[in-house]
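1. 3D model of this:
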Amino acid sequence: GMVGGALSWAVCVEGSLHEAEALAEKALASGAEPGLEDHPALIEPLRTRGRLCVEGGDLRGAETALERWVMLAESCRRSRALISAAALARVWVSEGRLDDATEAAAAARAFLPPDVDSPLFGVLDGLDARIALLQGDVDRVKAITDAMPASVSRGRLEARLELAKREPDAALTVLERCVPETPPEQVDVLMLRARC
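-> Okay, here's the model as predicted:
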């Protein structure tokens, strides 16, 4: 069960959601046994459960799984704790709980020393920009995106910023420079083009 739990996230990312759910739930059932509640092997199945809950629209279930994921990951690896706190912040962004999302994003940032050169900071910059965009803080979004390296993520944020400023032509110009590499990026870029 526990070994399958470690595989559950890889299977989930591949898109085999039913198989991922079966593997994760079996591992989490094993983790309910006395003495195994805080086992590090539960980190991946909790992450899988959180993702599957988001996919199914169960944001409350996602929140429960990801909060436990944060707690377990904190005790194991700081980078993993950062990612889990960021995932929780994204769930709260989806729920419109921007104050909670801001707190979770700040907590995530605290997991890495500021002098470390980590791509994880880029993930958090994107998250901060999304929150600022929803708060209507256009200047903050521009400051964050200007400091980001050129990437599809930056382009998508810049397009959203132009749309927030009611500049669809400028957003389309930004999107023309975006070369999405993954299916989610392709879908997002197409959705942004449609909004333009």
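
2. State the phi and psi torsions of the residue lying closest to residue 80 once chain neighbours are set aside.
-> Nearest residue to residue 80 in three dimensions, chain neighbours excluded: residue 73, at 4.2 Å (C-beta to C-beta, 6 or more residues apart in numbering). Yep, even glycine has a C-beta here, placed from its N, CA and C like the rest. Phi and psi for residue 73, reported as degrees, to the nearest 10, are phi -70, psi -40.

3. Surely residue 73 and residue 87 touch.
-> No: Residue 73 is beyond contact range of residue 87, at 10.1 Å (criterion: C-beta atoms under 8 Å).

4. tell me the mean pLDDT for stretch 159-174?
-> Stretch 159-174 shows a mean pLDDT of 95.

5. what do you get for stretch 107-119?
-> Mean predicted confidence for stretch 107-119 is 78.

6. Now do the buried residues in that stretch.
-> The neighbour-count check on stretch 107-119 (16 or more other C-beta atoms under 10 Å) flags 107, 108, 109, 111, 112 as buried.

7. Restricted to helices, list the residues you listed.
-> Of the buried residues of stretch 107-119, the ones assigned to helices by DSSP state H are 107, 108, 109.

8. circling back to that earlier point, reformat the buried residues of stretch 107-119 as a markdown table; add distance to residue 55.
-> A markdown table is the format used below for those (distance: C-beta to C-beta, whole Å):
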| residue | distance to residue 55 |
| --- | --- |
| 107 | 24 |
| 108 | 22 |
| 109 | 26 |
| 111 | 26 |
| 112 | 28 |
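
9. who's in contact with the nearest residue to residue 96 once chain neighbours are set aside?
-> Among residues not flanking residue 96 along the chain, residue 134 sits closest, at 7.8 Å (C-beta to C-beta, 6+ apart). The contact partners of residue 134, by C-beta atoms under 8 Å, 6 or more residues apart in numbering, come to 93, 96, 98.

10. By neighbours, which of these wins?
-> Neighbour counts for these, by other C-beta atoms under 10 Å, peak at residue 93, which reaches 20 neighbours.

11. Assign that one to helix, strand or coil.
-> Three-state call for residue 93 (DSSP: H, G, I helix; E, B strand; the rest coil): helix.
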